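Trainee: Predicted model and sequence follow; I will ask about them next.
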Amino acid sequence: MAPCVERMEAEGVTPYYQHAGITIYHGDSREIVPSLGFDGLVLTDPPYGIALVTAYKARSRGRRLPSMVDCCDYPPVIGDGEWFDPRWLLDVGTARIIWGGNYFASALPDVSGWLVWDKERPDNLDQATCELAWTDCIKGVRRFRWLWNGAIRRGDEKLQHPTQKPVALMRWCMSQRWTEKYTDILDPYMGSGSTLRAAKDLGKSAVGVEMSERYCEVAARRLEQESLHLPPDQPEMTQAPLL
């Protein structure tokens, strides 16, 4: 059991889910996380105002654009209708990877280490072809390719959250030579639990916090599934013969 979880239990805070080194708390991360005394890798994908961006685009074009929540009947992402301030995360843990960092980079220190998730989408789509993560623990810009284009996507993960990240992406984040040393992972904006599922696959301890009870339930179900085989997170690279 991670020391931060022991600390919460000593204070009488009951986890929503706890098994095999993975713990979920249902509640506000701004209230729960400071009490954890966490010392490890923060890996998260917070709500960063996508609902606001969508509404702005709709107004500027004189029409309403449907959101992923409307199309797929997901419950709303709590906090996604307001601008996200990431600065409180800088005081949590030892190292941080924050997806969506390009939406609030002006509120974060300048860094050279960014992660790029290449979704392998056609360039002529309205949707983004890549996503970016701000990080203060990885050197240089690193790229991860994983097809994720609506129903056309690599792997067999069921989409259960409007901004769900592939488990393979989160495993990759934890497996860089700068991050693999961290055995304790924290996701303050857990969503459907991809970070926690990836931590379990890699034998790491992890804590997730989520305000939506429905997503806590979804994450708990995903964690109960056993990993019989881990597919390669990146295709093997072959080198052309030298001419």
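Mentor: It's in. Computed from a predicted model, the values in this text were never measured in an experiment.

Trainee: for stretch 146-154, which positions count as buried?
Mentor: Within stretch 146-154, the residues scored as buried using 16 or more other Cβ atoms under 10 Å are 146, 148, 154. For glycine as for every other residue, the C-beta is placed from the backbone atoms N, C-alpha and C.

Trainee: Could you tell me the per-residue confidence at the first one?
Mentor: Confidence per residue is given as pLDDT, and for residue 146 that number is 97.

Trainee: from what I can see it touches residue 116, true?
Mentor: No - here residue 146 does not reach residue 116: they are 11.1 Å apart, not a contact under Cβ atoms under 8 Å.

Trainee: My read is that residue 170 contacts residue 201, right?
Mentor: No - here residue 170 does not reach residue 201: they are 9.0 Å apart, not a contact under Cβ under 8 Å.

Trainee: tell me which of the buried residues of stretch 146-154 is nearest to residue 47?
Mentor: residue 148 (18.7 Å; Cβ to Cβ).

Trainee: Got the phi and psi for the closest one?
Mentor: phi -150, psi 90 (degrees, to the nearest 10).

Trainee: Now do the nearest residue to it once chain neighbours are set aside: how many residues are near it, please.
Mentor: Excluding the flanking residues, the one nearest residue 148 by Cβ to Cβ, 6 or more residues apart in numbering is residue 119, at 4.4 Å. Residue 119: 20 surrounding residues under other Cβ atoms under 10 Å.

Trainee: got a list of what residue 119 touches?
Mentor: 128, 129, 130, 131, 146, 147, 148, 149 (Cβ atoms under 8 Å, 6 or more residues apart in numbering).

Trainee: try 10 Å
Mentor: By Cβ atoms under 10 Å, 6 or more residues apart in numbering, the residues touching residue 119 are 125, 127-131, 144-149, 153-154, 166, 169.

Trainee: what element comes up after the worst-scoring helix or strand of the chain on mean pLDDT heading to the C-terminus?
Mentor: When the helices and strands of the chain are scored by mean pLDDT, DSSP states H and E, helix 68-72 comes last with a mean of 42. For helix 68-72, the following helix or strand on the C-terminal side (DSSP states H and E) is strand 95-99.
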